[in-house]
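Engineer: using only what follows, build the 3D model:
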Amino acid sequence: MIRDAHKSVQKLDIYDEERPIGVQIFGAELDSMMKAAEIVEAAQPEILDINYGCPVQKVVCKLAGAGILKDIPKMVALTEAVVKSTRLPVTVKTRLGWDHSSIFIEEVAERLQDVGIQALSIHARTRSQMYKGEADWSWIAKVKNNPRIHIPIFGNGDIDSPQKAVAYRNRYEVDGIMIGRASIGYPWIFREIKHYVRTGELLPPPSTEERVAAARQHLQSAIGWKGRKLGILETRRHYANYFRGLPGIKEFRKELVTLEQEELILEVLHQIETRFAGYSWEAVALEV
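Structural biologist: Take a look at the predicted model:
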């Protein structure tokens, strides 16, 4: 972002229909983080979020993302500097710790609150776990129930259904739930959770027509945003999620991830819509 890279700057284009919106930054150098915060503030999002949770090696090796969990004092100092450098509310997303021998999330939550963050999201895994094993939300509950903590605490990890979202919110008394991987290729999870919270009832899963419409919009938006070649390439990995569990989808998926012309991909999507029109997704939802 601070090098004015086109892809990063482009992400700061904010449209009214997207609000409220937060922009998340990561880094490990004080000057860079403060400059990034200044650039983000100029884009006028509602929130500036700092990512101290990303576990991927290319980020961690620079002591950014979850890498900074190896140096808590630096994490606190960076956060304080960002808070002081911007008028935006600053929030943080992090993990329990670097590994199970260094889970300091209770101390981290207090110290980050003390330097001025407005909310904390906690992924209930360590960096060493990556995305494996079960998320341990008992640590999130300890943070939330700490009498010194007064900022909102959001829980993250393993929430993939409306029932689980409500159960975890009630059991661990968090202020909210963060949804990550479960929404990839299945954006309907948000409306399903909201409906379940309001009514206690489960919505039927999205129809074939809705899934095709989402995949089509995803492809066309990606092309419009990133150009034909990159838009087509980056959308390929999402088709499996849009149509997961659909019998016979394998033959179509092979085409979707190899075709290079938009019109041909749209034709395959139309074939899926036609062949599986009226298909009952309830059985698939139960199996998944």
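Engineer: pLDDT weak spots in the stretch 51-200 of the chain?
Structural biologist: Nowhere does the stretch 51-200 of the chain drop to pLDDT under 70.
Engineer: in it, which spans are helices?
Structural biologist: With helices called from DSSP state H, counting those that start in this stretch, the stretch 51-200 of the chain shows them at 57-60, 72-85, 105-114, 138-144, 162-172, 189-199.
Engineer: how about these in a markdown table, adding mean neighbour count and distance to Asp16?
Structural biologist: For the C-beta atoms, the positions are set from N, CA and C on the backbone; glycine is no exception. Formatted as a markdown table, these follow (neighbours: other C-beta atoms under 10 Å; distance: least, C-beta to C-beta, whole Å):
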| stretch | mean neighbour count | distance to Asp16 |
| --- | --- | --- |
| helix 57-60 | 14 | 31 |
| helix 72-85 | 18 | 26 |
| helix 105-114 | 18 | 31 |
| helix 138-144 | 19 | 33 |
| helix 162-172 | 16 | 28 |
| helix 189-199 | 14 | 19 |
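Engineer: out of the ones you listed, flag the one nearest Gly180.
Structural biologist: helix 189-199 (10.6 Å; C-beta to C-beta).
Engineer: who are the packing partners of the helix or strand harbouring Ala240?
Structural biologist: Assigned by DSSP states H and E, Ala240 belongs to helix 239-242. For helix 239-242, the packing partners by 3 or more C-beta pairs under 8 Å, 6 or more residues apart in numbering; DSSP states H and E come out as helix 208-226, helix 249-256.
Engineer: C-terminal to the shortest one, what's the next element?
Structural biologist: Next in sequence after helix 249-256, counting helices and strands by DSSP H and E, comes helix 262-275.
Engineer: and the contacts of that next one?
Structural biologist: Helix 262-275 is contacted from outside by 208-209, 212, 215-216, 219-220, 223, 228, 232, 243, 246, 248-249, 252, 255-256, 259, using C-beta atoms under 8 Å, 6 or more residues apart in numbering.
Engineer: coming back round to it: please tabulate the helices and strands packed on helix 239-242 in a markdown table, including the columns distance to Trp139, mean pLDDT and mean neighbour count.
Structural biologist: Listed next are the helices and strands packed on helix 239-242 as a markdown table, based on distance: least, C-beta to C-beta, whole Å; pLDDT from 0 to 100; neighbours: other C-beta atoms under 10 Å:
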| stretch | distance to Trp139 | mean pLDDT | mean neighbour count |
| --- | --- | --- | --- |
| helix 208-226 | 35 | 96 | 17 |
| helix 249-256 | 38 | 93 | 15 |
